[in-house]
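A.B. asks: sequence and predicted structure, then a few things I'm wondering about:
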Amino acid sequence: MENVVGILGLSTRSVSTVEVDGRPARRALLSRSFPTDRIDLWDALTDPERIPRWFLPISGDLRPGGSYQFEGNAGGTVEECEPPRRFRVTWVFGEGPPTWVTVTLEPEGDGTRLDLEHVGHVPDELWSQFGPSATGLGWDMALHGLATHLQTGAAGDPATAAAWMASPAGIAFLRGSALAWQQADVAAGTQQDEAAARVRRTIAVYTGQADPPPA
């Protein structure tokens, strides 16, 4: 089984509230360094032929003002693009409201640090129910897939990825990610018991298995 703690420990996470369009918005920030140069990492993140190797098939026009759609997932528009450092897109899942994802790449030692910021006007009832782990788990899985692709060069397979998520290793990864986001939630001021309840609900949605409540 993979070293879940070691893998998840390669990333840092923070949660905060910011103002967007004059309204408070929830902000989740996920950062991780990768042992490759900025040009290669930018290519992996923006080349439509390469993105499906670690995430999902994508269609559309990946230029400022263009729209995109991930197969079976979110879509949106490209709002900003500054190769090879930064891009910003809207992120719309289903009929939900638009949120914003900003990715910034900075050289760090012999590699490159990726900062992924996801900001949105999350309804209070939804935030109270799930907190940051609802989207945080998805981004942790995406960066894990990216790291595997950069290390091996192999292309991911959706069926294999789905099987892994249902495996003991995949479930352990999801639970570990949720607990890491719980810590970020508490650091942002949420009470421990409330943050833990949010994580249990999120784990149940992702895995179909509810973690037992704390003793």
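C.D. replies: Done, it's in.
A.B. asks: buried residues of whatever helix or strand Thr148 lives in, list them for me.
C.D. replies: For Thr148, the host element (DSSP states H and E) is helix 133-152. Judged by neighbour count (16 or more other Cβ atoms under 10 Å), helix 133-152 contains these buried residues: 133-141, 143-147, 149-150. For the C-beta atoms, the positions are set from N, CA and C on the backbone; glycine is no exception.
A.B. asks: residue boundaries of the strands in this structure?
C.D. replies: Listed in chain order, the strands of the chain (DSSP state E) span 11-20, 23-34, 58-60, 67-70, 75-82, 86-91, 99-108, 111-120.
A.B. asks: distance to Asp40, mean pLDDT and mean neighbour count for the ones you listed - can I get that in TSV?
C.D. replies: Shown next, in TSV, are the strands of the chain (distance: least, Cβ to Cβ, whole Å; pLDDT from 0 to 100; neighbours: other Cβ atoms under 10 Å):
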stretch	distance to Asp40	mean pLDDT	mean neighbour count
strand 11-20	19	96	15
strand 23-34	9	96	19
strand 58-60	19	97	15
strand 67-70	21	97	17
strand 75-82	17	97	16
strand 86-91	16	98	19
strand 99-108	10	98	17
strand 111-120	8	98	19
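A.B. asks: the helix holding Thr148 to strand 111-120, inter-axis angle?
C.D. replies: Put simply, helix 133-152 runs at 160 degrees to strand 111-120, going by axes from the mean of the first three to the mean of the last three Cα atoms, to 10 degrees.
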